[in-house]
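Visitor: Task: produce atomic coordinates for the following.
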Amino acid sequence: MNEIVPAWDRCAYAALSRFLRGYLHQDAAVEYGSAEAAAHQFRKDADERETAVVHSELESFLADNDGIPISGLTKALEALGSSWRFQSREEIEALLKALK
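Guide: Numbers count the residues shown, from 1 in each chain. Prediction:
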């Protein structure tokens, strides 16, 4: 059975990739406790424009990959720099909400 892989372009998600590498790194669970807490810390550290760009890129990523299984989404986010193991699309959507 072939796995559905999301469509994505690293250049289209440059700010999202920087956020994922910087905040959802391998020590994120210890440092922040949750992906949403990492997003809240990012919002404190980043300016409003940078936060808006990351939110927009994650929103676009989810919209462009509607219907893709969580395994495919997780692999794509890992390729963009995330070490967080998302368990569901809803968990990624909660991250999106925390970036708003």
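Visitor: Pull the distance from stretch 38-58 to the chain's centre.
Guide: How far stretch 38-58 lies from its chain's middle: 11 Å, per Cα atoms, centre = their mean, to the nearest Å.
Visitor: And stretch 86-96, by the same measure?
Guide: Distance, centroid of stretch 86-96 to centroid of chain: 8 Å (Cα atoms, centre = their mean).
Visitor: Kindly list the longest helix within this structure.
Guide: helix 48-64 (DSSP state H).
Visitor: Can you list the helices and strands that it packs against?
Guide: Counting contacts by 3 or more Cβ pairs under 8 Å, 6 or more residues apart in numbering; DSSP states H and E, helix 48-64 packs against helix 14-23, helix 35-45, helix 89-98. Bear in mind the C-beta positions are built from the backbone N, C-alpha and C, glycine included.
Visitor: quick one, which of the ones you listed is packed in tightest?
Guide: Most buried of the helices and strands packed on helix 48-64, by mean neighbour count (mean count of other Cβ atoms under 10 Å): helix 14-23, with a mean of 20.
Visitor: Output it in PDB, but only the C-alpha positions, please.
Guide: In PDB, the C-alpha atoms belonging to helix 14-23 read as follows (Å, rounded to 0.1, in the frame of the first residue of the first chain):
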ATOM      1  CA  ALA A  14      10.900  28.900   5.200                       C
ATOM      2  CA  ALA A  15       9.500  30.700   8.300                       C
ATOM      3  CA  LEU A  16       7.600  27.600   9.400                       C
ATOM      4  CA  SER A  17      10.800  25.600   9.000                       C
ATOM      5  CA  ARG A  18      12.800  28.100  11.200                       C
ATOM      6  CA  PHE A  19      10.000  27.900  13.800                       C
ATOM      7  CA  LEU A  20      10.000  24.100  13.800                       C
ATOM      8  CA  ARG A  21      13.800  23.800  14.000                       C
ATOM      9  CA  GLY A  22      14.000  26.500  16.700                       C
ATOM     10  CA  TYR A  23      11.000  25.500  18.900                       C
END
